[in-house]
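In: missing the sequence, but the structure's below:
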DNA sequence: ATTTGTGAAACCGTTCACAGCA
DNA sequence: TGCTGTGAACGGTTTCACAAAT
């Protein structure tokens, strides 16, 4: 599924027991984990690689290679034990660790993240929120009082940047000074950090542009049907459906 | 940045004049475009591959390969014309097209997207917003009145899904029925669509998990310093800094 | 019979090294 | 001289095909 890797990470990292997990593998593990947790909730005891494959859009061979990288987990002839798989993938992803997360920038996006039941899971502990605007400082969001960005940032493992691009580098510097070892940056700009700090970028505009580019090229394959779909050359704002 | 790619797309697509642009290349073009637009605004006429490289964190060779895929754009000895580059990358990304975007789900995230000055750029026309909740239906957000998801979805090129996972497949079906050719899905679930419809996934939780996994492995390399960083084994909610 | 785990091959993208051109 | 464009080498991931295990 995913291709992008706008990511400053080593090309591969050591797995739990010295085995090596490649970046593409690590990016797929959370997807596997989602379907495995679904099976676990339903009380299903085993799952095979081709089931995981069809449910995630990955090939069965790739699933087996990925899982083999974490040890001898499967049983030939029957498949993988759901509980064991969940444990092992969880270990690789750090689900068995507690780590602290601070979020800087309590606009719509910051609030969306903090309020989302999907974001802070698997050991992530939200420990502080920051914003520059007096209109939100002091308000309670997601069980935390929003602090002023002028206060020193509390020590944490992970920092999330949801401020405008112009402020992102300064916030990154503050996070690094606070000892953060990983930054998830939603601001549309590159931030510079010392080695030893991992930065991962999520940029909505870029995701949309990638999507549109794929759409246009796939429509080109289908023939010259752009006009009939309401996709028009730029100019005086034409009617778009 | 994007590392990585949860993406249902052909492995490579035909470029503007029959040349082929790989998925990694397409993912990098918006990043190049961002620095090129900066140069354009400053009135700088030419830029060379190594400048683009240092400003984007990509190697100069990769920049040249990517750009060469769109034609003979550079001038040996001097570099690339900023205006030409902007035009050509814009064409590859569809910046010269107008396409319509509908957003389904006007919670925090949907509002964050619609209100962001960074999201809807380069030809994207927001044409309708939908939600299921009576508390937002009828309200104006980003210049649009929020419609009920029970109304038929208006024809559009791109659909953005920002609803809870449980509703995502149903919304995807509605979008497909409305003729949408590309879906940007923020819901943490896989959606099934007919061939010819492109789906691109953005999943905050997965991005965080990937980041944390990289962080943990990079810390493992650095030695057993997890404890001192406040990253602890799971158990009774211990104090995290 | 069924499904894993894995050598070997195929594939893809990046980097090297340099030829080609202004 | 300086920088692009690209053949060739390289490194890494995916896929194939099958042996191994239950």
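Out: Done, it's in. Being a predicted model, the structure only gives us computed values, none of them experimental.

In: domains in chain A, as residue ranges please.
Out: Using automatic domain parsing, the domain parsing of chain A gives A:7-93, A:99-202, A:210-241.

In: ok, and which of these has the densest surroundings?
Out: Highest mean neighbour count among the domains of chain A (mean count of other Cβ atoms under 10 Å in any protein chain shown): domain A:99-202, with a mean of 20. In short, each C-beta sits where N, CA and C put it, glycine included.

In: Give me the distance from it to the chain's centre.
Out: Domain A:99-202 has its C-alpha centroid displaced from the chain centroid by 14 Å (Cα atoms, centre = their mean, to the nearest Å).

In: The residue of chain A found nearest DNA strand C - nearest residue in space that isn't next to it in sequence?
Out: As assessed by Cβ to the nearest atom of the strand, DNA strand C sits closest to residue A:74 within chain A, at 2.6 Å. Distances taken as Cβ to Cβ, 6 or more residues apart in numbering or on different chains put residue A:80 closest to residue A:74, at 4.8 Å, once the chain neighbours are dropped.

In: Could you look up the SS state of the one you found?
Out: Secondary structure assignment for residue A:80 (DSSP: H, G, I helix; E, B strand; the rest coil): strand.

In: For chain A, give me the ranges with low pLDDT.
Out: The model of chain A has pLDDT under 70 over residues A:1-19, A:219-241.

In: Could I get the full set of helices for it?
Out: Listed in chain order, the helices of chain A (DSSP state H) span A:23-41, A:49-56, A:60-68, A:82-93, A:108-115, A:165-177, A:204-222.

In: so what's the closest residue to residue A:177 other than its chain neighbours up against?
Out: Excluding the flanking residues, the one nearest residue A:177 by Cβ to Cβ, 6+ apart is residue A:153, at 7.3 Å. By Cβ atoms under 8 Å, 6 or more residues apart in numbering or on different chains, residue A:153 lies in contact with A:102, A:104, A:128, A:130, A:159, A:174, A:175, A:177, A:178, A:180.

In: if we can go back for a sec, pretty sure residue A:65 is one of the things the residue of chain A closest to DNA strand C touches, is it not?
Out: No. Contact between residue A:74 and residue A:65 fails when scored by Cβ atoms under 8 Å: they sit 11.7 Å apart.

In: Looking at the domains of chain A, spot the one closest to residue B:31.
Out: When these are compared by Cβ to Cβ, domain A:99-202 sits nearest residue B:31, at 8.2 Å.

In: ok, stretch A:92-112 near DNA strand D or not?
Out: No. Remark: stretch A:92-112 sits outside contact range of DNA strand D, by Cβ under 7 Å from any atom of the strand, the gap being at least 14.8 Å.

In: can that stretch be found next to chain B?
Out: Yes. Applying Cβ under 8 Å from any Cβ of the partner chain, one finds stretch A:92-112 touching chain B at A:92-101, A:107-109, A:111-112.

In: Work out the gap between that stretch and the centre of the chain.
Out: Computed by Cα atoms, centre = their mean, the chain-centroid distance of stretch A:92-112 equals 10 Å.

In: circling back: which residues sit in contact with the residue of chain A closest to DNA strand C?
Out: Neighbour list for residue A:74: A:49, A:64, A:67, A:68, A:80 [criterion: Cβ under 8 Å, 6+ apart].

In: Does chain B have contacts with stretch A:178-196?
Out: Yes. Stretch A:178-196 comes into contact with chain B (Cβ under 8 Å from any Cβ), by way of A:179, A:181, A:182, A:183, A:184, A:188, A:190, A:196.

In: and which of those residues is nearest residue A:118?
Out: Nearest to residue A:118 among these is residue A:184, at 14.1 Å by Cβ to Cβ.

In: quick revisit: columns distance to DNA strand C on top of the helices of chain A, output as CSV?
Out: Conversion of the helices of chain A to CSV gives the following (distance: least, Cβ to the nearest atom of the strand, whole Å):
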stretch, distance to DNA strand C
helix A:23-41, 11
helix A:49-56, 4
helix A:60-68, 4
helix A:82-93, 10
helix A:108-115, 28
helix A:165-177, 24
helix A:204-222, 13
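
In: how about those in TSV, adding distance to residue B:116?
Out: Shown next, in TSV, are those (distance: least, Cβ to Cβ, whole Å):
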stretch	distance to residue B:116
helix A:23-41	25
helix A:49-56	30
helix A:60-68	35
helix A:82-93	29
helix A:108-115	7
helix A:165-177	11
helix A:204-222	7
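
In: Just flag the most distant two among the contacts of residue A:74.
Out: Farthest-apart pair in these is A:68 and A:80; separation 10.8 Å (Cβ to Cβ).

In: on that earlier part again, of the residues of stretch A:178-196 next to chain B, which is the nearest to residue B:144?
Out: The nearest one, if we look at the residues of stretch A:178-196 next to chain B relative to residue B:144 and count by Cβ to Cβ, is residue A:188, at 22.6 Å.

In: Show the contacting residues for that closest one.
Out: The contact partners of residue A:188, taken as Cβ under 8 Å, 6+ apart, are A:165, A:203, A:205, A:206, B:34, B:118.

In: distance of the first one from residue A:198?
Out: It stands for residue A:165. Separation of residue A:165 from residue A:198 (Cβ to Cβ, to the nearest Å): 20 Å.

In: Same question for the last one.
Out: Counting by Cβ to Cβ, the separation of residue B:118 from residue A:198 is 23 Å.

In: Likewise for residue A:136?
Out: Applying Cβ to Cβ, the value for residue A:136 to residue A:198 is 28 Å.

In: now swap in residue A:22 and tell me
Out: Counting by Cβ to Cβ - residue A:22 and residue A:198 are separated by 16 Å.

In: Residue A:145 now?
Out: Distance from residue A:145 to residue A:198, counting by Cβ to Cβ: 28 Å.

In: Does the residue nearest to residue A:48 when sequence neighbours are not counted have any beta-bridge partners, and if so which?
Out: Leaving out its chain neighbours, the residue that sits closest to residue A:48 by Cβ to Cβ, 6+ apart is residue A:79, at 3.5 Å. Counting by DSSP bridges, residue A:79 is bridged to residue A:75.

In: residue contacts, residue A:79?
Out: Residue A:79 sits next to A:46, A:47, A:48, A:49, A:51 when contact means Cβ under 8 Å, 6+ apart.

In: For the fourth one, which residues are in contact?
Out: Under the criterion of Cβ under 8 Å, 6+ apart, the neighbours of residue A:49 are A:60, A:61, A:63, A:64, A:67, A:74, A:79, A:80.

In: so what's the third one up against?
Out: Translated: residue A:63. With contact set as Cβ under 8 Å, 6+ apart, residue A:63 has these partners: A:32, A:49, A:50, A:52, A:53, A:56.

In: Nearest spatial neighbour of it, chain-adjacent residues omitted?
Out: Closest residue to residue A:63 apart from its sequence neighbours, by Cβ to Cβ, 6+ apart: residue A:49 at 4.4 Å.
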